[in-house]
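>>> pasting the sequence and the predicted coordinates here, then a few questions.
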Amino acid sequence: MSEATKSLKSRKHRLASSFIQLKVLNDNGHSNGEAYSFEGKLHAAGHYPLKPLKTEILQVNIGKMCNQTCRHCHVDAGPDRKEIMTREVMQQCIDAVKNSDFNTVDLTGGAPEMNPDFRWFVEKLDKAGVNIIVRCNLTIILANPRYYDLPEFYKTHNVVIISSLPHYSARRTDAQRGEGVFAKSIQVLKMLNEVGYGMDGSGLELHLVYNPSGAYLPPSQESLKKDFKRRLKSDFDIEFNDLYAITNMPISRFLDYLIQSGNYDAYTDKLLEAFNPLAIDGLMCRNTVSVGWDGYLYDCDFNQMLDLKIGDKAPLHISEFDEEMMLSRTIITNQHCFGCTAGSGSSCGGEIA
Amino acid sequence: MGKPYYIEEDLFKFGNITEFQPELGKKFFSYYNAVFEEGALTEREKALIALAVSHTVQCPYCIDAYTTASLEKGADEEQMMEAIHVAAAIRGGASLVHGVQMMNKAKEISM
């Protein structure tokens, strides 16, 4: 197995430690010598301390296991990661959803489908009457015959599918997600279209995620969506609903890429310079709670990977979920948060400002 | 080895030209920013034109800046290289079209 197909953790890389990542992120000011902090920016914008607005989306990371090893992965997911959520913790998530205002459960990973209790979880959530999102990497559906019927399974449970396709060209997609990923992704998008996903009037939603294949910010979501629609239709006869443009967060494997390629300083300067206070209202940490594979709670999936747990005194677990307490909490921020406030802002649902 | 003439970091100090002449510098940047705003041409089209012109004026700062800008405005690698071919075609064409002048002169002074 080449280095590029292994997680930082299995390589025993220093950036596998969230402590080291936070140290790197906090050791650097702007290249012009100016010190800065995200907290300071929140103060200046009148948003400190940052508070949640509502509990709308429960984002559940059901495991770090994945069939791909994307170069920018903030989860450090891969085939060598074994951490997955148990059915017991899934049940605790279902109980929390039933006793709160969450209307959407957003399943992510890793490749969430690789968790052996994935289908059980989706069926239970469907019965509980919430909207279900699955962040599907597309290629998993071709990875093993046992996944071939997933498009039908998703259709049965009216799951919203959100899938990464960083570009409509093989060059950029494969550079980020691995050799051959583009061709397989196209094949799976066609399978999803065949069962009705992304097609007008089907009610089955298929959204794509663009994120830059390098150390630069995403273009405007609207103009990019038009390009993707045009090119995927003309080149492959593929349809989809919406496109979300997401900024790469300077953590985990993307942080490693930035440092290795000599782009770290310029990229973090760029995020700081593009700070947009108008993005603060739409930050996903304000309507989302994130659950880790072991059931601990976080303000977002990025905080989860940096091990910044919710809880003033002790880390809070989904089994102790309390909506009132959750709404009164202070959201934990750090230097990586500049990734969500740059330019038009960024969230798991794309632009926010 | 001496210092290079072009220093990468200097690109980010472009704004400092106002230090020696604030009034004209500010007018220039105000104009410059207005030029690159979306208008009859999109921001992406303007970035691609700037990328092509950067190669014609052979300014390394401009090439770095408008390679990044083109990517951030959603251009792809193929479009970017085609923009540079447009610059190259005009540069080559500008030389060759003067060939007519050469031919005129040669014919004028030849039997």
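Received, thanks. Numbers count the residues shown, from 1 in each chain, chains lettered A, B, ... in the order given.
>>> quick one: the helices in chain B?
For chain B, the helices defined by DSSP state H occupy B:22-35, B:43-57, B:60-72, B:77-97, B:99-109.
>>> can you map out the strands along chain A?
In chain order, chain A shows strands spanning A:57-61, A:104-108, A:131-135, A:160-164, A:206-210, A:243-245, A:288-291, A:297-298, with DSSP state E as the criterion.
>>> ok, which of those comes nearest residue B:87?
Nearest to residue B:87 among the strands of chain A is strand A:206-210; the distance by CB to CB comes to 28.1 Å. From N, CA and C alone the C-beta is placed, and that goes for glycine too.
>>> next, see if that closest one gets close to chain B.
No. Contact of strand A:206-210 with chain B (CB under 8 Å from any CB of the partner chain) is absent, the minimum separation being 9.0 Å.
>>> separation between the closest residue to chain A within chain B and residue A:209?
In chain B, the residue found nearest to chain A is residue B:74; the distance is 3.3 Å by CB to the nearest CB. Computed with CB to CB, to the nearest Å, the distance linking residue B:74 and residue A:209 is 15 Å.
>>> which one's more surrounded, those two?
With other CB atoms under 10 Å in any protein chain shown as the criterion, residue B:74 and residue A:209 differ in neighbour count, and residue B:74 comes out ahead with 23 against 18.
>>> now do the contacts for the more buried one.
Residue B:74 makes contact with A:219-220, A:223-224, A:227, B:44, according to CB atoms under 8 Å, 6 or more residues apart in numbering or on different chains.
>>> could you export these as JSON lines, including distance to residue A:81 and pLDDT?
Formatted as JSON lines, the contacts of residue B:74 follow (distance: CB to CB, whole Å; pLDDT from 0 to 100):
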{"residue": "A:219", "distance to residue A:81": "32", "pLDDT": "94"}
{"residue": "A:220", "distance to residue A:81": "34", "pLDDT": "92"}
{"residue": "A:223", "distance to residue A:81": "36", "pLDDT": "91"}
{"residue": "A:224", "distance to residue A:81": "31", "pLDDT": "94"}
{"residue": "A:227", "distance to residue A:81": "34", "pLDDT": "95"}
{"residue": "B:44", "distance to residue A:81": "38", "pLDDT": "96"}
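>>> among the helices of chain B, which is nearest residue A:182?
When these are ranked by distance to residue A:182, counting by CB to CB, first place goes to helix B:77-97 at 14.3 Å.
>>> the closest residue to residue A:9 other than its chain neighbours: how many residues sit nearby?
Leaving aside its sequence neighbours, residue A:9 sits nearest to residue A:16 (CB to CB, 6 or more residues apart in numbering or on different chains; 4.3 Å). Around residue A:16 sit 17 other residues, with neighbours defined as other CB under 10 Å.
>>> tell me the confidence at residue A:16?
In the prediction, the pLDDT value recorded for residue A:16 is 96.
>>> mind checking how far it is from residue A:8?
The spacing between residue A:16 and residue A:8, counted by CB to CB, is 4 Å.
>>> same thing with residue A:124?
Relative to residue A:8, residue A:124 is positioned 33 Å away (criterion: CB to CB).
>>> more neighbours, those two?
Neighbours of residue A:124 and residue A:8, each counted by other CB under 10 Å, are more numerous for residue A:8; the result is 19 against 16.
>>> I'd guessed the more buried one sits against residue A:253; true?
Yes. Taking contact to mean CB atoms under 8 Å, the distance of 6.2 Å between residue A:8 and residue A:253 places them in contact.
>>> now do the shared contacts for the two.
In contact with both residue A:8 and residue A:253: A:15, A:76, using CB under 8 Å, 6+ apart.
>>> relative to residue A:133, which of the helices of chain B is closest?
Comparing the helices of chain B by their distance to residue A:133 (CB to CB), the top pick is helix B:60-72, with 27.6 Å.
>>> ok, the residue of chain A found nearest chain B - contacts?
Using CB to the nearest CB, the point where chain A gets nearest to chain B is residue A:219, with a distance of 3.3 Å. Contacts were defined as CB under 8 Å, 6+ apart; by that measure residue A:219 touches A:245, B:44, B:71-74.
>>> coming back round to it: tell me which of the strands of chain A lies nearest to residue B:10.
The minimum distance between residue B:10 and those falls on strand A:243-245, with 30.8 Å, by CB to CB.
>>> ok, and does the closest one reach over to chain B?
No. Interface with chain B: strand A:243-245 contributes nothing (CB under 8 Å from any CB), its closest point being 9.1 Å away.
>>> can you list contacts of that strand?
Taking CB under 8 Å, 6+ apart as the criterion, the residues outside strand A:243-245 that touch it are A:162, A:207-211, A:218-221, A:224-225, A:228-229, A:344, A:346, A:348-351.
>>> got a pLDDT number for residue A:99?
Model confidence at residue A:99, given as pLDDT, is 93.
>>> show me what contacts it?
Under the criterion of CB under 8 Å, 6+ apart, the contact list for residue A:99 reads A:321, A:323.
>>> quick check: phi and psi on it?
Backbone geometry at residue A:99, expressed as degrees, to the nearest 10, gives phi -100, psi 30.
>>> and residue A:332, how many neighbours?
When counting by other CB under 10 Å, one arrives at 18 neighbours for residue A:332.
>>> show me the contacts for residue A:278.
A:345, A:353.
>>> low-confidence regions, the chain specifically.
With no chain named, the answer covers chain A. Along chain A, the model assigns pLDDT under 70 to residues A:1-4, A:28-29, A:31-33, A:35.
>>> I was thinking of chain B, sorry if that wasn't clear
By pLDDT under 70, the weakly predicted segments of chain B are B:1.
>>> show me which residues of it are close to chain A?
Counting by CB under 8 Å from any CB, the positions of chain B adjacent to chain A are B:9, B:12, B:42, B:44, B:68, B:71-74, B:76-78.
>>> kindly give a single PyMOL line that selects the buried subset of these.
To isolate the buried subset of the residues of chain B next to chain A in PyMOL, counting by 16 or more other CB atoms under 10 Å in any protein chain shown, use the following:
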select buried, chain B and resi 12+44+68+71+72+73+74+76
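>>> need the residues of chain B next to chain A in a markdown table with distance to residue A:82, can you?
As requested, those are exported to a markdown table (distance: CB to CB, whole Å):
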| residue | distance to residue A:82 |
| --- | --- |
| B:9 | 44 |
| B:12 | 44 |
| B:42 | 47 |
| B:44 | 44 |
| B:68 | 39 |
| B:71 | 37 |
| B:72 | 38 |
| B:73 | 42 |
| B:74 | 38 |
| B:76 | 38 |
| B:77 | 38 |
| B:78 | 41 |
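>>> can you report how many residues lie near residue B:39?
Residue crowding around residue B:39 was assessed by other CB under 10 Å; the count is 11.
>>> show me the contacts for it.
Not one residue lies near residue B:39 by CB under 8 Å, 6+ apart.
>>> list phi and psi for it.
Main-chain dihedrals, residue B:39, degrees, to the nearest 10: phi -140, psi -130.
>>> what about the contacts of residue B:74, which are in helices?
Residues of these located in helices (DSSP H): A:223-224, A:227, B:44.
>>> format those residues as TSV; extra columns: distance to residue A:265.
Compiled in TSV, the ones in helices among the contacts of residue B:74 are given as follows (distance: CB to CB, whole Å):
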residue	distance to residue A:265
A:223	29
A:224	27
A:227	30
B:44	27
